[in-house]
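J.: got a predicted structure here, sequence first:
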Amino acid sequence: MRMKDRTIGRHLAAAQVSRRELLAFCGKLMVAAPFGLALTDFLTAEAVAQEVAAARRLPVIWLHFQDCTGCTESLLRASKPDLAELILHLVSLDYHETLMAAAGHQAEKSLRDAMRESAGGYVLVVEGSIPTKEQGAYMKLAGRPALDVLREAAAGAAAVIAIGSCASWGGIPSSPPDPTGAVGVDSVVRDRPVVNLPGCPPNPYTLLGVVLQYASNGTLPELDAERRPKFAYDRTIHEHCPRRGHFDAGRFAREFGDEGHRRGWCLYMLGCKGPVTHAGCSTRHFNEIPDVWPIGIGAPCVGCTERAVAFRVPMFEKAQNIHPTPPDTYPPIEAPLGRIDPVATGLAGLAVGAAAGATYMAAKRFSRRQGDEDVPEGSAIAPPADDVEESGGGS
């Protein structure tokens, strides 16, 4: 049996990885990808461990294109488990330019061998956008356009995972004026299932959740309209933001370094894109440290998982396509100044005039006779002169 055909459980036993270590990893995986393993019963670390151990070690080929290698760096910085457990034990990483020792012709041979040996059964992970202008002349690997390399590798893959915003929809390289014609993987690969994991970078456990589900039962997680797995992108950061209470109470930082900013108030007025950004940064922490993300360090969310927001809407400009409001029991975010409506003013004047007229007629009726007890005391409406004279002449 080839090593890559082993189950994860057999490989862990051969590598002398303890059960305790596996359970610790599965506990972390539950937080990051609670539905990634498609468990139908109660979700426990023991149940997840059984699913993981029974899954086969999936061959993975990882390609780099127009990127900063930030997604790989995020993976390298993962802890509990560390890199050895995260990659080398759980998947069979057959090709990764940053991690392998081979270079030049040896690296090209490694890629060809990996694609041939696992044809139709490996998962292709792509990091970075793909330049398409001038037939892909802006990026070449071993003298070949990146477009051709991607198409060839995708042709032999069972599924393709675009990791990071660049690979998902173009990212920073695709920002106007986009000189290289940078696009995401799904704009090039159309005959294979593609899963997008946007983020700058995305959480490494999200990648593991997708890969392990595929290794476990040959299925991919349910995706949204942007091809993102719903278990990781099903809600906005705003819904579980640690500063949400300040938003609901109408407490906002107005400038960096002001009192509200120092006290940890909501960053919406400083351009935070949390209300329109689907990601789990506020609940699925990087490297098990709660504050390692923009809002955690006092910076507004830039919306890096959103195609129409990230690197399009200026960082400190509020998102224009949403108008979030706190509950009715709290003060409004921005109280409108308003204006006087002439129609409303006319109706109010009519009502006041009618009331005054009714009061005048009532007072006039009450004052027909001098000394009438029904006349309100201190009335400002005096009896008509003719009534007075008439009553005086008859006495």
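T.: Noted; the coordinates are in hand.

J.: which stretches in the stretch 51-200 of the chain count as helices?
T.: 70-76, 83, 105-117, 146-155, 165-169 (DSSP state H, counting those that start in this stretch).

J.: pick the most buried one from these.
T.: Of those, the one with the most neighbours on average (mean count of other Cβ atoms under 10 Å) is helix 165-169, at a mean of 30. Every C-beta, even on glycine, is put in place using the N, C-alpha and C of the backbone.

J.: what packs against that one?
T.: The contact analysis (3 or more Cβ pairs under 8 Å, 6 or more residues apart in numbering; DSSP states H and E) places helix 165-169 against strand 122-127, strand 194-197.

J.: still on that earlier bit, and of the helices of the stretch 51-200 of the chain, who's closest to A249?
T.: helix 165-169 (32.3 Å; Cβ to Cβ).

J.: present the helices and strands packed on helix 165-169 as TSV; the columns should include distance to D148.
T.: Below are those laid out as TSV (distance: least, Cβ to Cβ, whole Å):
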stretch	distance to D148
strand 122-127	14
strand 194-197	18
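
J.: what sits against L267?
T.: Neighbour list for L267: R243, F252, A253, H261, G274, I295, G298, A299, P300, C301 [criterion: Cβ atoms under 8 Å, 6 or more residues apart in numbering].

J.: find the residue at the geometric middle of this protein.
T.: H278 (2.0 Å; Cα atoms, centre = their mean).

J.: tell me who's in contact with that one.
T.: H278 touches D224, R228, Y233, D234, R235, T236, I237, T305, E306, counting by Cβ under 8 Å, 6+ apart.

J.: which of the residues you listed tops the neighbour count?
T.: For the contacts of H278, the largest number of neighbours (other Cβ atoms under 10 Å) sits with T305, at 31 neighbours.

J.: surely that residue is within a helix?
T.: No. With DSSP: H, G, I helix; E, B strand; the rest coil as the criterion, T305 is coil rather than part of a helix.

J.: residues contacting it?
T.: Applying Cβ under 8 Å, 6+ apart, the residues contacting T305 are S165, P198, G199, P202, R228, Y233, T277, H278, A279.

J.: wait, isn't the first one in contact with L197?
T.: No. Under the criterion of Cβ atoms under 8 Å, S165 is not in contact with L197, lying 9.1 Å apart.

J.: format the contacts of T305 as JSON lines; extra columns: pLDDT and distance to C26.
T.: Formatted as JSON lines, those follow (pLDDT from 0 to 100; distance: Cβ to Cβ, whole Å):
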{"residue": "S165", "pLDDT": "96", "distance to C26": "28"}
{"residue": "P198", "pLDDT": "97", "distance to C26": "26"}
{"residue": "G199", "pLDDT": "95", "distance to C26": "23"}
{"residue": "P202", "pLDDT": "91", "distance to C26": "20"}
{"residue": "R228", "pLDDT": "96", "distance to C26": "23"}
{"residue": "Y233", "pLDDT": "93", "distance to C26": "22"}
{"residue": "T277", "pLDDT": "94", "distance to C26": "28"}
{"residue": "H278", "pLDDT": "94", "distance to C26": "25"}
{"residue": "A279", "pLDDT": "93", "distance to C26": "23"}
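
J.: which of the residues you listed lies closest to T7?
T.: If you rank the contacts of T305 by distance to T7 using Cβ to Cβ, P202 comes first, at 26.7 Å.

J.: what's the distance between the closest one and P59?
T.: Per Cβ to Cβ, to the nearest Å, P202 is found 21 Å from P59.

J.: more crowded one of those two?
T.: For P202 and P59, the more surrounded residue by other Cβ under 10 Å is P202, and the numbers stand at 31 against 25.

J.: the more buried one against E73, yeah?
T.: No. Contact between P202 and E73 fails when scored by Cβ under 8 Å: they sit 12.0 Å apart.

J.: just to revisit the earlier point, export the contacts of H278 to CSV and append columns for distance to G143.
T.: Output for the contacts of H278, formatted as CSV (distance: Cβ to Cβ, whole Å):
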residue, distance to G143
D224, 38
R228, 34
Y233, 38
D234, 43
R235, 45
T236, 44
I237, 43
T305, 35
E306, 36
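
J.: among these, which pair sits farthest apart?
T.: D224 and I237 (15.4 Å).

J.: contact partners for A54?
T.: T7, I8, G9, S216 are the contacts of A54 under Cβ under 8 Å, 6+ apart.

J.: give me the pLDDT value at the second one.
T.: By that I understand I8. With respect to pLDDT, I8 has a value of 77.

J.: verify the stated contact: it with E51.
T.: No. Contact between I8 and E51 fails when scored by Cβ under 8 Å: they sit 9.5 Å apart.
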